[in-house]
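Visitor: When you get a sec, could you give me coordinates for this:
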Amino acid sequence: MVNATQFSFFTLSAYFDTGVFKYLYFIIIISLYIVIICTNLLLIVVICMNRSLHEPMYLFLCSLFVNELYGSTGLFPFLLVQILSDIHTVSASLCFLQIFCLYTYANVEFFTLVVMSYDRYLAICYPLQYNTCMTSSKVAMLIALTWLYPFVGVAVLISLSAPLQLCGNIINTVYCDNYSIVKLACSESRVNNIYGLIYTCLVVFGPLSLILYTYIKILKVCFSGSKQTRQKAVSTCTPHLASLLNFFFGSFFQILQSRFDMSSVPMMLRNLLSLYFLTCQPIFNPLMYGLQMSKIRSLCKSLIFGKT
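Guide: A predicted model of the protein is given here:
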């Protein structure tokens, strides 16, 4: 029988010796992190400083950009340390803290996109009742729920995983992952699996049904409405749809890698796919919304170049 214990540290085996190229990887990662901080922070400042942007759609965007900063801070500094280190270990407490940050980031990201689809649905399908339905108190409640629910759900998930007796401490990833730790368990992990399944169903299928419903209704309005209505729907929904597709694309690869045997895939490609899930959204969203939405674009120009 394999000895079970609670390890004080984990070893990340997905890292490999890159020699002098590790400094190149370090420069690439830190450059991406700086771009993420600057672009998201710029858009947060623009939305907060301009009262004309204190509308539901832009407030949800502000929450989205804050989440990008939060998730990136949970990943990039860790990656930078690991790239320069020769021994790729992490303490158990820091590992679970990173799991909490990355899992809550992903959950908040998805819930915010769900709320934004509901907001677009009301604005396009019920424009006359929009201000009555989407009040400031309702906006505040929706933003609070998008952050509170993931924090509670992930906290319970980690509280079930942390006490597990493990048969090993080697994780085949470049960052800490809860499912990888549960797979190492020698003790009974049925409760973890049941909770994980229920939580995944509640987090994914319910919100996904709402997104599909809202966009079916929006499409019906577009096909039956005027040209002006179609143009408004396209201009406001294009960035949101692009962000949703990018998020699902990254999530698909992450689920594929964590749940199935990917040993036949080169390690470099596996690492890139696992990082895509956490790095592309914080870069993609501010660029997409900043370039696509003329109101934000013009205010960013005035803030940077001092032009009205």
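
Visitor: ok, so what distance separates the residue nearest in space to the middle of the chain from residue 209?
Guide: Geometric centre of the chain, nearest residue: residue 106, 3.4 Å, by C-alpha atoms, centre = their mean. Distance of residue 106 to residue 209, computed by C-beta to C-beta, to the nearest Å: 19 Å. C-betas here are computed from N, CA, C, even on glycine.

Visitor: Beyond the helix or strand harbouring residue 195, next helix or strand please.
Guide: Remark: residue 195 resides in helix 190-224, with elements defined by DSSP states H and E. The C-terminal neighbour of helix 190-224 among helices and strands, as given by DSSP H and E, is helix 227-259.

Visitor: Please spell out which residues along that following helix are buried.
Guide: For helix 227-259, burial by neighbour count (16 or more other C-beta atoms under 10 Å) applies to 229, 232-233, 236-237, 239-241, 243-244, 246-247, 250-251, 253-254, 257-258.

Visitor: just stretch 137-152 next, same as before
Guide: Residues 139, 142, 143, 146, 147, 149, 150 are the ones in stretch 137-152 that count as buried (16+ other C-beta under 10 Å).

Visitor: Could I get the CA-only coordinates of stretch 245-259 as PDB?
Guide: Extracted C-alpha coordinates of stretch 245-259, given in PDB (Å, rounded to 0.1, in the frame of the first residue of the first chain):
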ATOM      1  CA  LEU A 245     -15.800  32.700 -28.000                       C
ATOM      2  CA  ASN A 246     -12.300  33.400 -26.900                       C
ATOM      3  CA  PHE A 247     -13.100  32.400 -23.300                       C
ATOM      4  CA  PHE A 248     -14.800  29.200 -24.400                       C
ATOM      5  CA  PHE A 249     -12.000  28.400 -26.700                       C
ATOM      6  CA  GLY A 250      -9.400  28.700 -23.900                       C
ATOM      7  CA  SER A 251     -11.700  26.800 -21.500                       C
ATOM      8  CA  PHE A 252     -12.100  23.900 -23.900                       C
ATOM      9  CA  PHE A 253      -8.400  23.300 -24.200                       C
ATOM     10  CA  GLN A 254      -7.900  23.600 -20.400                       C
ATOM     11  CA  ILE A 255     -10.700  21.000 -19.700                       C
ATOM     12  CA  LEU A 256      -9.300  18.800 -22.500                       C
ATOM     13  CA  GLN A 257      -5.800  18.900 -21.000                       C
ATOM     14  CA  SER A 258      -6.800  18.400 -17.300                       C
ATOM     15  CA  ARG A 259      -9.400  15.600 -17.900                       C
END
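
Visitor: Now that stretch: average pLDDT?
Guide: Averaging pLDDT along stretch 245-259 yields 79.

Visitor: All the strands of the stretch 1-150 of the chain, residue numbers only.
Guide: With DSSP state E, counting those that start in this stretch as the criterion, the stretch 1-150 of the chain has strands at 9-12, 89-91.

Visitor: wait, residue 116 sits on residue 239?
Guide: No. Between residue 116 and residue 239 there is no contact under C-beta atoms under 8 Å: 9.5 Å.

Visitor: before we move on, the earlier item: which residues touch the residue nearest to the centre of the chain?
Guide: By C-beta atoms under 8 Å, 6 or more residues apart in numbering, the contact list for residue 106 reads 71, 251, 277, 278.

Visitor: Please identify which pair of these lies farthest apart.
Guide: Within the contacts of residue 106, two members stand farthest from each other by C-beta to C-beta: 71 and 251, at 13.3 Å.

Visitor: Isn't residue 29 up against residue 76?
Guide: Yes. At 6.3 Å, residue 29 counts as touching residue 76 under the criterion of C-beta under 8 Å.

Visitor: Provide a list of residues in contact with the residue nearest to residue 176 when sequence neighbours are not counted.
Guide: Spatial nearest neighbour of residue 176, chain neighbours left out: residue 95 (4.0 Å); criterion: C-beta to C-beta, 6 or more residues apart in numbering. Counting by C-beta under 8 Å, 6+ apart, residue 95 touches 9, 10, 176, 181.
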